[in-house]
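>>> Prediction below, plus the sequence it came from.
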Amino acid sequence: RGEGFRRCPRCRVFISKEEGGCDKLTCRCGCKFCFKCNSLNANCSCTAAFHHFIPHESVMNNYDGVAFEHFLEDLPAWVRQMAEGVRG
């Protein structure tokens, strides 16, 4: 395992993650997995339950901002307010 990147467990392409970003990753091939342990669909306890995968459509559109809006929908109110403050 290199620092900051992993291979997708399905297609084996390298995927990078921003420092401090969520460990639930969605590959361009559609595979969803945990960055820490490589568990498919993140069927592990590495990340908090309120973390979500970025939708495959957003990955294919180079993270067009839809992903952030998708995350906000399911987060607790205090987290949404904090995220909105960061976005400005």
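Nice, I can see it.

>>> In this structure, where is pLDDT below threshold?
The model of the chain has pLDDT under 70 over residues 1-3, 62-76, 78-80, 82-88.

>>> quick one, helices of it?
Applying DSSP state H to the chain gives helices spanning 56-60, 66-74, 77-87.

>>> burial count for Ile61?
Not Ile; residue 61 is Asn. 12 (other C-beta atoms under 10 Å). All C-beta atoms are positioned from the backbone trio N, CA, C, and that covers glycine.

>>> Report the contact partners of it.
Asn61 makes contact with no residue, according to C-beta atoms under 8 Å, 6 or more residues apart in numbering.

>>> any chance you could map the strands in the protein?
With strands called from DSSP state E, the chain shows them at 5-7, 14-16, 24-26, 32-34.

>>> got those as a markdown table, with distance to His51 and mean neighbour count columns?
Converted to a markdown table, the strands of the chain look like this (distance: least, C-beta to C-beta, whole Å; neighbours: other C-beta atoms under 10 Å):
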| stretch | distance to His51 | mean neighbour count |
| --- | --- | --- |
| strand 5-7 | 16 | 16 |
| strand 14-16 | 16 | 14 |
| strand 24-26 | 5 | 21 |
| strand 32-34 | 10 | 22 |
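
>>> What separation is there between the closest residue to Glu19 other than its chain neighbours and Glu57?
Using C-beta to C-beta, 6 or more residues apart in numbering and skipping residues adjacent in sequence, the residue nearest Glu19 is Gly4, 7.1 Å away. Gly4 sits 25 Å away from Glu57, taking C-beta to C-beta, to the nearest Å as the criterion.
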